[in-house]
Every structure is written in C-alpha cells, then in structure tokens.
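Participant: sequence first, then the predicted structure, then my questions.
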Amino acid sequence: RFLKLFEKPPPKVEPPLEQVWKVNSENAAGVAAVVGFGALRAVGEASGGLRRGIEAVDFFVGRYLLLTTVGYVGLKFVHYKLFDPFP
C-alpha cells in the first residue's frame, strides 16, 4: 500500500476538440465556457512560450556576461600586475 505513493499516475487523456465542442454547443453557457476557457488556454500557452524565450535569453546573456567579466578582470590583472608600465 505504501509503495503506491511512488507509482506514476496514469496519463491524462485529453478529448479531441470536436468532441468537446459537440458536447458543449447545446446551450449558450457551454459555448461561452468553451470560448472563454479556450482563450485562457491560448493566453497561457503564449505566456509560457514567452517565458521560455526570456529564460533562454537570460541564460545566454548571463553566461556570456560572466565570461566577459572574468576575461576583463584577468586581462587587467595581467596588464597591471605582470606588465606594469609604471616604475
């Protein structure tokens, strides 16, 4: 019984859109629900894609900002500590 906690739940099966529309198109409330929840899902999918894009840009910029900073500090260390032009 305890080991059932570690089992994966069965995958959720989404019904096809045609079936959802057929079931809910019988009255105005069903149509409004399908349109409203469909719009919410579209906004959610779009914002998820935008979030993934922003995270990819953030990861890229963060990585190369770190590399350029370390390179700049290393270059200045070599310039001022190893090849110091001032006596």
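Facilitator: Arrived safely, thanks for sending.
Participant: give me the mean pLDDT for the helix or strand where Glu45 lies.
Facilitator: Glu45 is part of helix 28-77 when elements are defined by DSSP states H and E. When pLDDT is averaged over helix 28-77, the result is 94.
Participant: return the distance of it from the chain's centre.
Facilitator: On the basis of Cα atoms, centre = their mean, to the nearest Å, helix 28-77 is displaced by 5 Å from the centre of the chain it belongs to.
Participant: what's around Phe83, how many residues?
Facilitator: By the criterion of other Cβ atoms under 10 Å, Phe83 has 7 neighbours. (Each C-beta comes from the backbone N, C-alpha and C, glycine too.)
Participant: how about it, phi and psi?
Facilitator: Main-chain dihedrals, Phe83, degrees, to the nearest 10: phi -120, psi 50.
Participant: for Phe2, see how far away it is.
Facilitator: Distance of Phe83 to Phe2, given as Cβ to Cβ, to the nearest Å: 68 Å.
Participant: same check on Asp84?
Facilitator: Distance from Asp84 to Phe2, by Cβ to Cβ: 69 Å.
Participant: equivalent analysis for Lys76, please.
Facilitator: Distance from Lys76 to Phe2, by Cβ to Cβ: 60 Å.
Participant: between these two, who's got more neighbours?
Facilitator: Lys76 (10 against 5).
Participant: for Phe83, see how far away the more buried one is.
Facilitator: Taking Cβ to Cβ, one finds Lys76 at 11 Å from Phe83.
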